[in-house]
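K.L.:
curious how this folds, go ahead:
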Amino acid sequence: MPINVKLFGDLRKKIKPNISGTTSLRFVINDSEVDRIVDLLKKFNIEENEVTHIFVNGRYAGLRKKIQNGDTVALFPRNMALLYKWYFKREEDE
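P.N.:
Residues are numbered from 1 along each chain as shown. Presented below is the predicted three-dimensional model:
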């Protein structure tokens, strides 16, 4: 199942340690083991406390949000915190 992934800030270095600049790192993965956001974090050895904001298809999401075929997932690190948590409800799948 193809999933579009965008990593911002310091999270980009988890994939490309020598990356520079300010643009996001974008790539596509095909992994049937990735069902939720938390599975994606585990795949790339990203700790939950390293991520502050998650978006799935442009909508604010949480760690238990399910990922489907063709979704775009954007992950932001703690040092790029935004005010979203005060104004938008996180979408979670129980």
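K.L.:
what about residue 15, neighbour count?
P.N.:
Counted with other CB atoms under 10 Å, the neighbours of residue 15 add up to 14. Quick note: C-beta positions are derived from backbone N, CA and C, even for glycine.
K.L.:
residues contacting it?
P.N.:
Residue 15 makes contact with 7, 25, 27, 44, according to CB atoms under 8 Å, 6 or more residues apart in numbering.
K.L.:
straight-line length of stretch 4-17, end to end?
P.N.:
This stretch, stretch 4-17, spans 20 Å end to end (CA to CA, to the nearest Å).
K.L.:
list the buried ones in stretch 3-23?
P.N.:
3, 5-9, 11-12, 14 (16 or more other CB atoms under 10 Å).
K.L.:
no, scratch that, I was asking about stretch 63-80
P.N.:
Within stretch 63-80, the residues that qualify as buried are 65, 67, 71, 73-77, counting by 16+ other CB under 10 Å.
K.L.:
just stretch 30-40 next, same as before
P.N.:
Using 16+ other CB under 10 Å as the test for burial, stretch 30-40 gives 34, 36-38, 40.
K.L.:
right, I'll call it a day here.
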